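Engineer: starting from these lines, generate the structure:
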Amino acid sequence: MEKEFEEESKTLKTQILKDVEIYLAKYRDLAMLATEEAKRQQKKAELIKLKTRELTEITCKSFEEKLRSKMQEDLKKYEEATQSAYSKMILKEKSMNIKWNEREKFIEREKKDFEKSILKQAEKRIEEFRRGLMTTQAQLNKEREIFEDMMGNLRERVSYKLIMNIKIFFFFILKLYQFIRFPLNVLNLKKKCIIGLLLHSVWMKMKSQEECKIIMMH
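Structural biologist: As a prediction, this is how the structure comes out:
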């Protein structure tokens, strides 16, 4: 009978050690998966930042090209209008004998007024675009901060769970070691087997609870 108890005790110890190895492998895989996921999310954030910068540069270049094209068209129209006005003034000069210097001053004044109007409109459009760009950048920075906070919380949760589970694991190993090295003259074999079964039951329950927590985290 005592020999049978010893064999059952050895079998139980072997099974417990196998369960410990499986449990360690699972937590090692979980830590590796968490690290890889954090790296992927970081790369994704860097890619979003790069694409945002490229989009901003493309938008600025497109706006500058459109503005330059519009100004060239307006200047061309102005030159045509000025030339037409100048031609009319030449005809009018012949009939009214307007002095040349007065005509030059008139053209120069009209040209300056027109250029001021164009520059004012351009500055207004640039200011509107700049404000929109600043708003967009502020929103992107806010979203990036939220994302970084989320990733930081995720890393903290994973680290905390891993540390707590490692503490539980080493506590169980300590109890197991104390149980294995306990002398026969202090505690009989039957009681040792009962304690071993209880420890194994507690161990399986803790393992089941931790696996449920891991599934809920994902």
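Engineer: hey, let's count contacts and neighbours off CA atoms from now on
Structural biologist: Fine.
Engineer: and residue 28, what element?
Structural biologist: Following DSSP states H and E, the helix or strand that holds residue 28 is helix 2-96.
Engineer: list the helices and strands that helix packs on?
Structural biologist: helix 100-180, helix 189-217 (3 or more C-alpha pairs under 8 Å, 6 or more residues apart in numbering; DSSP states H and E).
Engineer: mean pLDDT lowest for which of the ones you listed?
Structural biologist: Across the helices and strands packed on helix 2-96, helix 189-217 has the smallest mean pLDDT, namely a mean of 52.
Engineer: neighbours around residue 59, how many?
Structural biologist: 14 (other C-alpha atoms under 10 Å).
Engineer: next: residue 66.
Structural biologist: For residue 66, using other C-alpha under 10 Å, the count is 12.
Engineer: so how far is residue 128 from the residue lying closest to residue 67 once chain neighbours are set aside?
Structural biologist: The shortest distance from residue 67 to any non-neighbouring residue, by C-alpha to C-alpha, 6 or more residues apart in numbering, is to residue 122 (7.5 Å). Per C-alpha to C-alpha, to the nearest Å, residue 122 is found 10 Å from residue 128.
Engineer: so these two - more neighbours on which side?
Structural biologist: Between residue 122 and residue 128, residue 122 has the larger neighbour count (other C-alpha under 10 Å), namely 16 against 12.
Engineer: any idea how far that one lies from residue 142?
Structural biologist: Counting by C-alpha to C-alpha, the gap from residue 122 to residue 142 is 30 Å.
Engineer: ditto for residue 62
Structural biologist: 26 Å.
Engineer: do residue 24 as well
Structural biologist: To residue 142, residue 24 is 39 Å away according to C-alpha to C-alpha.
Engineer: okay, those two: which has more neighbours?
Structural biologist: residue 24 (15 against 12).
Engineer: what sits against that one?
Structural biologist: By C-alpha atoms under 8 Å, 6 or more residues apart in numbering, no residues touch residue 24.
Engineer: how near is it to residue 14?
Structural biologist: In terms of C-alpha to C-alpha, residue 24 sits 15 Å off from residue 14.
Engineer: how many other residues sit next to residue 73?
Structural biologist: Other residues lying near residue 73 total 12 when counted by other C-alpha under 10 Å.
Engineer: list the contacts of stretch 125-138.
Structural biologist: In contact with stretch 125-138 (C-alpha under 8 Å, 6+ apart) are residues residue 56.
Engineer: now that stretch: buried residues?
Structural biologist: For stretch 125-138, burial by neighbour count (16 or more other C-alpha atoms under 10 Å) applies to residue 126.
Engineer: pull the CA atoms of it into PDB?
Structural biologist: Extracted C-alpha coordinates of stretch 125-138, given in PDB (Å, rounded to 0.1, in the frame of the first residue of the first chain):
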ATOM      1  CA  ARG A 125      -5.800  83.100 -48.400                       C
ATOM      2  CA  ILE A 126      -2.400  82.100 -46.900                       C
ATOM      3  CA  GLU A 127      -3.500  83.000 -43.400                       C
ATOM      4  CA  GLU A 128      -6.700  80.900 -43.800                       C
ATOM      5  CA  PHE A 129      -4.700  77.900 -45.100                       C
ATOM      6  CA  ARG A 130      -2.100  78.300 -42.300                       C
ATOM      7  CA  ARG A 131      -4.900  78.300 -39.700                       C
ATOM      8  CA  GLY A 132      -6.400  75.200 -41.200                       C
ATOM      9  CA  LEU A 133      -3.100  73.500 -41.300                       C
ATOM     10  CA  MET A 134      -2.400  74.300 -37.700                       C
ATOM     11  CA  THR A 135      -5.800  72.900 -36.700                       C
ATOM     12  CA  THR A 136      -5.100  69.700 -38.600                       C
ATOM     13  CA  GLN A 137      -1.600  69.300 -37.000                       C
ATOM     14  CA  ALA A 138      -3.100  70.000 -33.500                       C
END
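Engineer: many thanks, we can stop here.
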